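Colleague: sequence and predicted structure are below.
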Amino acid sequence: MSDLKLPGDDDKKPKISQGRIAIWVIVGGVALYLLISGIVGIIAKG
């Protein structure tokens, strides 16, 4: 076989940066707000 490595083959994981965590927290918060406000709107309308 060949000795070529795929990008996911190495054992070490890159460290997750604080910026990436902040982006995911913000995106998750917006998604949660939209979900909850949609459910409240359906309940209030019905």
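Modeller: Thanks, I have the structure now.

Colleague: tell me the SS of Leu4?
Modeller: Counting by DSSP: H, G, I helix; E, B strand; the rest coil, the backbone at Leu4 sits in coil.

Colleague: so which helix or strand takes in the residue most central in space within the chain?
Modeller: Closest residue to the average C-alpha location of the chain: Trp24 at 5.1 Å, with C-alpha atoms, centre = their mean. Using DSSP states H and E, Trp24 maps to helix 18-45.

Colleague: in that helix, which residues are buried?
Modeller: Under the neighbour-count criterion of 16 or more other C-beta atoms under 10 Å, helix 18-45 has nothing buried. Backbone N, C-alpha and C define where each C-beta goes, glycine included.

Colleague: check contacts around the residue nearest to the centre of the chain.
Modeller: Counting by C-beta atoms under 8 Å, 6 or more residues apart in numbering, Trp24 touches no other residue.

Colleague: tell me the confidence at it?
Modeller: Reading off the confidence values, Trp24 has pLDDT 97.

Colleague: one more: the one 3 residues further on?
Modeller: If you check Val27, the pLDDT there is 98.

Colleague: again with Lys13
Modeller: pLDDT, read off for Lys13, is 71.

Colleague: do the one 5 residues further on as well
Modeller: For Gln18, the model assigns a pLDDT of 94.

Colleague: kindly report the same for Leu6.
Modeller: According to the prediction, Leu6 has pLDDT 69.
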